[in-house]
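**Q** structure of the sequence below:
(one chain, ligands or ions: 1)
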Amino acid sequence: MKNTERDGRLAGTQIAGSMLETIGGTPIVAMRRLMEVEQLPCVLAVKNETANPGGSAKDRPALQMVLDAEASGELRPGGTIVEPTSGNTGVGLAIVAAQRGYKCVFVTTDKVAPEKIALLRAYGAEVIVCPVAVAPEDERSYYKVAERVTIERGAYRPNQYANPSNPKAHELTTGPEIWEQTNGRITHFVAGAGTSGTITGVARYLKRQNPAIQVVVADPDRSVFSGGSGRPYLVEGVGEDFYPAAWEPKMYDRVIPVTDLEAFTTARRVSQTEGLLIGGSGGLAMAAGLVVAREAGPEDIVVVLNPDSGRGYLSRVYNDEWMAKNGFLEMRGTVVRDLVDARSTIIYVSPETTVRDTIGLMRTHGISQVPVCQGEPPFAPAEIMGSVHEASLLAGGQMDDPQWLGRSVAEIMRPALATVGIGETLEAAAMRLEGSSALVVLEGGRSRCILSRSDVLSWYEQQA
Ligand SMILES: Cc1ncc(COP(=O)(O)O)c(C=O)c1O
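**A** Below you'll find the model as predicted:
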């Protein structure tokens, strides 16, 4: 029997014709306990995109992009799809590709949680992991690698950042669903923006129905959308260091910056109080949603879009050790903060600094090691690239060679200094200092200062 004949047999049943038919139609759920605890005047509800088969909002644009590429002839039967993605779009594309007979190659960065990469591979996709701490124009950047692989394999590249089918998917499905599910009574829509497909697509539809609906962008506080440079922040999938094609400022009434700390603690709070397991970007959207809801009136309905599940972040946002190491949790007893409270600067060198200048800097500050970091402080952990130590400078015995002194530290640097969370115990820091001459102290996921062995020794000495 052919599938077309089988489809006829499904008529009148509630059996979906394939996984593709289960994309969309996600529920909106009131945040009952949060509304109560916060004594919110309005209704605060979540459009829960984890109910999609791939577990995220990205199933929608994935399907739309493939359908539109088939229609335009860009994607032919048995073809290959190549996309640089932080995970969710990959899952969506992998589901659509499996069902429609395409191969998938995904290019991603080492900032992405390892579970997400394993997940893409589980769907049968090939995944190429690139370093996050390189400029977009660098040949190793994930944008560049994706370009190269697309050409080499004669593949179709959906390019969610520039593809109009991405916002179109949300304009055709997510927006109308929210309008109908709230009976046209939605007053505020809050979502994070990465490609901006979700927020723009939903905004286009909702504003056509009622231009008074407030559309609010929740944004990592260093991303360009809220006026930052695009770094550093650790929440995944949202915020950018450039403006994607779908970014349409006239569609948004407000942009609310949210720190990693607020995003992660809100994610944990929603999971624990509502039984809705959300990821870091869902926490970010909810943190902004709470800001909006606290200011709203009794007639208002605030809908926050939750893009994906906390299951993809069990080793990060939901791991106490990771949270503490990155400076998001405070331990009991004497903690690193007690030693470094007054310090807020980090002495560092850039990868292109010469060996000569590095030695000069270390002498000026009377320090015996210095981290090599990409960009401007504060640094995200992935931007702390290596270290230079007095011992390693002397080790080569090339000090009198003037050419060697003129080289960049990137050529001679050693592995990065270990890190310690500002809320971790002094004991934990002391143990880590056995293997690292100094530690980079992280607060809220960003570098704050350096903690050296002598800092810890003199603290103990003063206490004695
Ligand atoms: C986890 C997560 N949240 C939010 C977004 C943002 O959605 P959009 O790209 O439609 O702006 C993404 C996008 O990749 C994401 O992966």
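**Q** any chance you could map the helices in the stretch 101-250 of the chain?
**A** 114-122, 142-152, 165-169, 175-181, 197-209 (DSSP state H, counting those that start in this stretch).
**Q** count the residues that sit near Asp253.
**A** 16 (other Cβ atoms under 10 Å). Placement of C-beta: from N, CA and C, glycine included.
**Q** OK, contacts around it?
**A** Gln214, Val215, Val216 (Cβ atoms under 8 Å, 6 or more residues apart in numbering).
**Q** and Val441, helix, strand or coil?
**A** What DSSP: H, G, I helix; E, B strand; the rest coil gives for Val441 is strand.
**Q** and the residue of the stretch 351-464 of the chain that's closest to the ligand?
**A** In the stretch 351-464 of the chain, the residue that lies nearest the ligand is Gly445 (16.5 Å; Cβ to the nearest ligand atom).
**Q** that residue contacts Tyr233, correct?
**A** Yes: the criterion here is Cβ atoms under 8 Å, and Gly445 meets it with Tyr233 at 6.9 Å.
**Q** what do the two both touch?
**A** Asp260, Ala380.
**Q** Gln398: how many residues sit nearby?
**A** 14.
**Q** make residue 1 into 181 and carry on from there
**A** Renumbered: residue one is now 181, and that last one reads Gln578.
**Q** so what touches the helix or strand encompassing Glu185?
**A** Using DSSP states H and E, Glu185 sits within helix 183-190. For helix 183-190, contacts defined as Cβ under 8 Å, 6+ apart pick out Gly197.
**Q** helix or strand with the lowest mean pLDDT in this protein?
**A** helix 570-575 (a mean of 80; mean pLDDT, DSSP states H and E).
**Q** buried set for that one?
**A** Going by neighbour count (16 or more other Cβ atoms under 10 Å), the buried part of helix 570-575 is Leu573.
**Q** residues contacting it, please?
**A** Val535, Thr538, Ile539, Met542, Ser548, Gln549, Met579, Ile592, Arg594.
**Q** surely the fourth one is in contact with Ser548?
**A** So that's Met542. Yes: contact status for Met542 versus Ser548: in contact at 6.9 Å, counting by Cβ under 8 Å.
**Q** could I get the contacting residues of the residue of the stretch 481-630 of the chain found nearest the ligand?
**A** As assessed by Cβ to the nearest ligand atom, the ligand sits closest to Pro487 within the stretch 481-630 of the chain, at 3.4 Å. Pro487 makes contact with 229, 236-238, 268, 371-372, 378, 417-418, 459, 461-462, 465, according to Cβ under 8 Å, 6+ apart.
**Q** try Tyr341
**A** Counted by Cβ under 8 Å, 6+ apart, Tyr341 has contacts Thr375, Pro424, Ala425, Ala426.
**Q** can you report phi and psi for the third one?
**A** What that stands for is Ala425. For Ala425, the backbone dihedrals (degrees, to the nearest 10) come out as phi -60, psi -30.
**Q** where's it relative to the ligand, distance?
**A** With distances taken as Cβ to the nearest ligand atom, to the nearest Å, Ala425 is found 11 Å from the ligand.
**Q** quick check: closest non-adjacent residue to that residue.
**A** In space, and not counting its chain neighbours, Ala425 is closest to Ala342: 4.5 Å by Cβ to Cβ, 6 or more residues apart in numbering.
**Q** identify each buried residue in stretch 211-219, please.
**A** So stretch 211-219, judged by 16+ other Cβ under 10 Å, has buried residues Met211, Leu214, Met215.
**Q** hmm, the second one is touching Gly455, no?
**A** No: assessed by Cβ under 8 Å, Leu214 is found out of contact with Gly455, at 11.6 Å.
**Q** check contacts around the residue nearest to the spatial centre of the chain.
**A** By Cα atoms, centre = their mean, the mean C-alpha position of the chain lies nearest to Glu416, the distance being 1.0 Å. Listed by Cβ under 8 Å, 6+ apart, the contact partners of Glu416 are Ser266, Gly267, Lys291, Val292, Ala293, Gly459, Gly460, Ser461, Tyr493.
**Q** what is the nearest of those residues to Ile195?
**A** Among the contacts of Glu416, Gly267 lies closest to Ile195 (Cβ to Cβ), at 29.4 Å.
**Q** am I right that Met565 is in a strand?
**A** Yes: assigned with three-state DSSP, Met565 falls within a strand.
**Q** against Glu332, how distant is the spatially closest residue to it that is not a sequence neighbour?
**A** Leaving aside its sequence neighbours, Met565 sits nearest to Val552 (Cβ to Cβ, 6+ apart; 5.2 Å). Here the criterion is Cβ to Cβ, to the nearest Å. By it, Val552 lies 33 Å from Glu332.
**Q** ok, those two, which is more surrounded?
**A** Using other Cβ under 10 Å as the criterion, Val552 and Glu332 rank with Val552 on top: 25 against 10.
**Q** verify the stated contact: that one with Ser530.
**A** Yes: shown here, Val552 and Ser530 form a contact pair, counting by Cβ under 8 Å, at 7.2 Å.
**Q** residue boundaries of the helices in the stretch 431-580 of the chain?
**A** 440-454, 460-475, 500-505, 516-520, 535-545, 570-575.
**Q** helices or strands next to the shortest one in the packing?
**A** Taking 3 or more Cβ pairs under 8 Å, 6 or more residues apart in numbering; DSSP states H and E as contact, the helices and strands that helix 516-520 lies on are helix 606-613, strand 626-632, helix 633-643.
**Q** how about the third one?
**A** Counting contacts by 3+ Cβ pairs under 8 Å, 6+ apart, helix 500-505 is packed against strand 598-601.
**Q** the strand it packs on: how far from the chain's middle?
**A** 21 Å (Cα atoms, centre = their mean, to the nearest Å).
**Q** equivalent analysis for stretch 310-328, please.
**A** 17 Å.
**Q** is the ligand contacted by that stretch?
**A** No: using Cβ under 6 Å from any ligand atom, stretch 310-328 never reaches the ligand; the gap is at least 13.2 Å.
**Q** return the set of buried residues in that stretch.
**A** Cys310, Val312, Ala313, Val314, Ser321, Tyr322, Tyr323, Lys324, Val325, Ala326, Glu327.
**Q** flag the shaky bits of the stretch 231-380 of the chain, pLDDT-wise.
**A** The model of the stretch 231-380 of the chain has pLDDT under 70 over residues 266.
**Q** tell me the residues of it that contact the ligand?
**A** Lys238, Ser266, Asn268, Thr269, Gly372, Ala373, Gly374, Thr375, Ser376, Gly377, Thr378, Ile379.
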